[in-house]
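Engineer: What follows is a predicted protein model with its sequence.
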Amino acid sequence: MSKKKSSQKNKKGKTNNSVATSTGISGTPDWIYILGVLLITVISFLPVKDAGFVNWDDQEYVTENPYIQDVNASNITTIFLSGIHPDYPDGIASNYHPFTFLTLMANFAMTGMDASSYHWTNLFFHLLNTILLWQFLRLLFGKKHVLLISIGALIFAIHPMHVESVAWISERKDVLFAMFYLLGLNHYVRHKQGAAGSMIPVYLYFIGSLLSKPSAVVFPLILVLLDYFLDDSFDLMKQVKKAPFFILSVIFGLITISIQTEAVGDLSKYSFIQKIMFGSYGSVYYVLNYLVPSKLATFHPYPGAETIPWFISMAPLALLVLIAAVFIARKNKWVILGIGFYFANILLTLQFIQVGPSLVSDRYTYVSYIGLIVITLHLLHRYIFAEDARLASLKIPLLCGLGLWLAYFSVKSYQQTQTWENGQVLWSTVLKKFPGSTFALRGRGSYHMREQQFEQALIDFQAADQLQDDHYDTKLKLGLVHRNLKSYDKALSYLNEALEIDPDDSDAYNNRGNVYFNLKQFDKALEDYRMSLEKDPEYIEGHANMGAYHFTMKDYTKSAESYTQAIKYGPGKASSYLNRSVTYLYSKDYAESLADVDRYLRMKPEDPNAHYYGALALENLKRYPEAKTYVERALRYRPTDKNYNDTQQRILNSMSQK
């Protein structure tokens with residue numbers, strides 16, 4: 001392909017790298033191709049219609065994120081300042097991507113907690129990215145190669161390794177940053193080819209990408225790579241003009257590092273050589289899974305330091321082979337563009353330094369695979385679409401192989417999308433592939449706890465404890481499970497073990513206090529609640545449980561104050577509003593009680609108790625028609641509840657007397 005460059009000059013006098021041979025079907029309009037790609041993509045991702053929220057980051061991004069649940073200036077300001085202002089040092093969800101949260105805020109404003117709308121929005125952005133990639137490939141290969149570039153767009157659209165970026169609500173940042181990224185690349189190439197004048201849109205798209213996900217910091221490197229590809233030379237002085245791009249990358253990179261300090265894992269148990277193995281393994285793993293996606297999983301645990309598998313041990317050698325192959329093909333600009341694009345976008349995610357608990361992650365391929373797609377299309381043109389009589393006998397079998405490859409992608413993507421139905425399916429799928437993963441066992445156990453399936457949760461946490469008997473979180477969760485099963489002695493035993501592992505963590509003190517509270521040992525409960533707040537004055541659960549303690553002691557003023565503190569530090573925790581509303585009911589502050597009920601219902605609209613408490617507040621405010629509406633909503637969920645029915649009858653009597 002590199003030998004068949006067109007001699008046509010573009011408007012800036014540069015050689016056009018596109019090829020002259022048409023690979024489309026004569027007379028077929030371009031929109032038919034892209035429509036076909038989009039239709040296949042929608043079918044491949046159709047299971048998102050049944051997908052819900054999962055207990056892996058979706059809490060921080062949506063279900064317990066107060067900043068997206070109300071469109072107002074204060075929340076928008078917090079979203080943009082979090083992580084870059086001294087008053088908001090930690091970021092939201094341990095990252096800085098305000099544009100991502102703005103789109104989630106828009107989702108919530110339109111559909112509340114309807115998980116399907118978030119999934120469909122992710123898919124919409126993915127389809128848009130597919131169109132943008134189609135345009136990018138068209139700029140590189142030439143508009144005559146509509147079939148070739150449509151194949152490239154289809155590979156991107158239905159590759160099973162991209163399912164995680166699309167079907168996981170929390171990965172909205174992936175599809176959003178890629179949209180701005182591709183818009184910027186498209187405009188830049190058009191600018192280089194003389195079809196677009198100003199560079200200002202490229203800067204704006206780059207900033208939009210950075211504000212969606214910090215991974216966009218490598219964008220300037222891709223511009224340098226495109227200069228080399230499009231200009232047939234490398235002009236250092238031209239690259240100096242890109243200084244503003246690199247300055248922006250450094251700024252956003254420093255912001256990310258400052259926020260994600262706690263996200264960097266502990267690799268101290270691994271040797272330097274083993275760390276090299278992990279990084280090398282990732283770079284090769286992603287290439288192999290581009291060709292044949294296998295053992296797809298949303299989580300890949302690190303191996304034990306003493307049990308490194310042979311294929312990870314050999315990864316540095318495999319990487320050297322890959323580098324040697326690139327060196328041999330270094331005169332082929334398509335290969336250099338593709339490999340450079342791939343490594344520039346994947347490098348920061350390779351686990352030479354551990355970031356997060358997963359050895360490799362499918363989502364890191366969302367943009368980086370564009371480089372491998374470019375190489376694939378180059379090879380397809382050379383061996384399938386080229387007008388070379390010597391290759392004529394290979395075309396039919398190669399085309400059949402290509403069709404089977406794409407069909408395999410579609411089927412695997414459909415299957416992989418189904419794993420995002422809920423936390424139970426998600427973690428069970430991981431455990432089928434990695435049955436010894438304590439992270440996945442804790443994840444599934446936590447899902448069961450949220451669903452109040454405590455017996456199932458106990459099985460998972462006990463299994464995790466047997467595999468790793470010194471893990472703080474496992475001991476803590478076992479204490480929580482036994483408390484809910486009313487096995488208070490066992491609960492205290494596990495919580496004491498947790499405190500031996502980490503004596504400075506507030507959670508264990510707080511939960512041990514809850515056990516003492518259940519045992520009606522209120523003095524010991526109060527002591528533990530105070531200790532939890534001593535360890536962390538902004539600890540939400542500690543303030544909430546202090547509120548429960550004061551309520552039990554019938555000190556409603558202090559109870560309301562404690563719940564107010566809990567709300568101050570955790571405005572996304574719905575239960576604090578509901579509990580404070582009950583406290584206000586008992587203190588006869590009915591207007592405030594109603595206000596808290598309404599705040600709670602914006603987050604949990606189907607809770608019958610909240611509607612019931614709202615009815616009681618409105619009844620005492622003598623706003624009987626509204627009270628009737630609230631109690632009717634409560635009865636819609638629990639039609640046989642005696643308290644609800646008695647309250648409804650009392651309200652109806654008051655209305656008739658009035």
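Structural biologist: Thanks, I have it.

Engineer: ok, which stretches of the stretch 451-600 of the chain are helices?
Structural biologist: Remark: helices assigned in the stretch 451-600 of the chain by DSSP state H, counting those that start in this stretch are 454-467, 472-484, 488-501, 506-518, 522-535, 540-552, 556-569, 574-586, 590-603.

Engineer: name the helices or strands packed onto the fourth one?
Structural biologist: What that stands for is helix 506-518. Judged by 3 or more Cβ pairs under 8 Å, 6 or more residues apart in numbering; DSSP states H and E, the packing partners of helix 506-518 are helix 472-484, helix 488-501, helix 522-535, helix 540-552. C-betas here are computed from N, CA, C, even on glycine.

Engineer: Generate CSV for these, with mean neighbour count as supplementary columns.
Structural biologist: Formatted as CSV, those follow (neighbours: other Cβ atoms under 10 Å):
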stretch, mean neighbour count
helix 472-484, 23
helix 488-501, 18
helix 522-535, 18
helix 540-552, 22
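
Engineer: Any chance of JSON lines for those helices, columns distance to Met105?
Structural biologist: Shown next, in JSON lines, are these (distance: least, Cβ to Cβ, whole Å):
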{"stretch": "helix 472-484", "distance to Met105": "30"}
{"stretch": "helix 488-501", "distance to Met105": "36"}
{"stretch": "helix 522-535", "distance to Met105": "31"}
{"stretch": "helix 540-552", "distance to Met105": "22"}
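
Engineer: So which of those helices is nearest Leu441?
Structural biologist: helix 472-484 (8.4 Å; Cβ to Cβ).

Engineer: Can you spell out which helices and strands pack onto that closest one?
Structural biologist: Packing partners of helix 472-484 (3+ Cβ pairs under 8 Å, 6+ apart): helix 438-450, helix 454-467, helix 488-501, helix 506-518.

Engineer: of all the helices and strands packed on helix 506-518, which lies closest to Tyr613?
Structural biologist: helix 540-552 (13.9 Å).

Engineer: ok, back up a step: could you dump the helices of the stretch 451-600 of the chain into JSON lines with mean pLDDT and distance to Glu632 added?
Structural biologist: Shown next, in JSON lines, are those (pLDDT from 0 to 100; distance: least, Cβ to Cβ, whole Å):
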{"stretch": "helix 454-467", "mean pLDDT": "95", "distance to Glu632": "33"}
{"stretch": "helix 472-484", "mean pLDDT": "95", "distance to Glu632": "32"}
{"stretch": "helix 488-501", "mean pLDDT": "95", "distance to Glu632": "40"}
{"stretch": "helix 506-518", "mean pLDDT": "95", "distance to Glu632": "35"}
{"stretch": "helix 522-535", "mean pLDDT": "95", "distance to Glu632": "38"}
{"stretch": "helix 540-552", "mean pLDDT": "95", "distance to Glu632": "28"}
{"stretch": "helix 556-569", "mean pLDDT": "94", "distance to Glu632": "28"}
{"stretch": "helix 574-586", "mean pLDDT": "94", "distance to Glu632": "19"}
{"stretch": "helix 590-603", "mean pLDDT": "92", "distance to Glu632": "14"}
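
Engineer: Just put those helices in a markdown table and tack on distance to Leu296.
Structural biologist: As requested, the helices of the stretch 451-600 of the chain are exported to a markdown table (distance: least, Cβ to Cβ, whole Å):
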| stretch | distance to Leu296 |
| --- | --- |
| helix 454-467 | 22 |
| helix 472-484 | 26 |
| helix 488-501 | 34 |
| helix 506-518 | 33 |
| helix 522-535 | 41 |
| helix 540-552 | 36 |
| helix 556-569 | 39 |
| helix 574-586 | 34 |
| helix 590-603 | 34 |
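
Engineer: Now the lowest-mean-pLDDT helix or strand in the chain: buried residues?
Structural biologist: Here the helix or strand of the chain ranked lowest by mean pLDDT, DSSP states H and E is helix 310-313, holding a mean of 74. Across helix 310-313, burial judged by 16 or more other Cβ atoms under 10 Å covers Ile312.

Engineer: Next: stretch 632-643.
Structural biologist: 633-635, 641.

Engineer: that older thread, is it possible to export the helices and strands packed on helix 472-484 to a markdown table including distance to Tyr612?
Structural biologist: Shown next, in a markdown table, are the helices and strands packed on helix 472-484 (distance: least, Cβ to Cβ, whole Å):
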| stretch | distance to Tyr612 |
| --- | --- |
| helix 438-450 | 23 |
| helix 454-467 | 26 |
| helix 488-501 | 30 |
| helix 506-518 | 24 |
